[in-house]
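**Q** Dropping a prediction and its sequence here:
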Amino acid sequence: MNLEMLTQPIVRSAIQALQQGDHSAWLAQFSPDLTFTDEGLPANFLKFSEHAMGHERFTRIDRVENQGLDIYGAFHSDRWGDFETFFKFQLGGDGKIRQLDIGQVSPMG
């Protein structure tokens, strides 16, 4: 899958690591004090990462918004199946990702 539409370098690195199932490269993009939510609820980022690597990935990126920080597209999870999702990133002053919010995109968008 072409990740060229991901214009924010750290977001591109994170998604590339996710796509390749590279746990170390994925974790390297995030601040140690990361805030993580899944479907609007606080969640355990390390547990999510452990389960996601090699088992979850984007199958299509439909759009990128918010200066390259918000990604919307089709997602595959070996556990949960296929669905439309969003990943919304916020960067910290250290140049790492300080917040990640993920969830399913509702049929209304």
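**A** Okay, I see it.
**Q** need the next SSE after the top helix by length along the chain, C-terminal direction.
**A** For the chain, the longest helix by residue count, based on DSSP state H, is helix 9-20. Next along the chain after helix 9-20, taking DSSP states H and E as the criterion, comes helix 23-27.
**Q** so which helix or strand takes in the residue nearest to the spatial centre of the chain?
**A** The residue lying closest to the centre of the chain (Cα atoms, centre = their mean) is Phe87, at 4.5 Å. Element membership of Phe87 [criterion: DSSP H and E] is strand 81-91.
**Q** Identify each buried residue in that strand, please.
**A** Judged by neighbour count using 16 or more other Cβ atoms under 10 Å, the buried positions of strand 81-91 are 84-89, 91. Where you see a C-beta, it was placed from the backbone N, CA and C, and this is true even at glycine.
**Q** Mind exporting the C-alpha coordinates of it to CSV?
**A** Taking Å, rounded to 0.1, in the frame of the first residue of the first chain, the C-alpha atoms of strand 81-91 are listed here in CSV:
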residue,chain,number,x,y,z
GLY,A,81,-12.5,-8.4,11.0
ASP,A,82,-12.7,-5.5,8.5
PHE,A,83,-14.1,-2.1,9.2
GLU,A,84,-13.7,1.6,8.5
THR,A,85,-11.5,3.3,11.1
PHE,A,86,-9.7,6.5,12.1
PHE,A,87,-6.4,7.1,13.7
LYS,A,88,-5.9,10.6,15.1
PHE,A,89,-2.5,11.6,16.2
GLN,A,90,-1.2,14.6,18.3
LEU,A,91,2.4,15.4,18.5
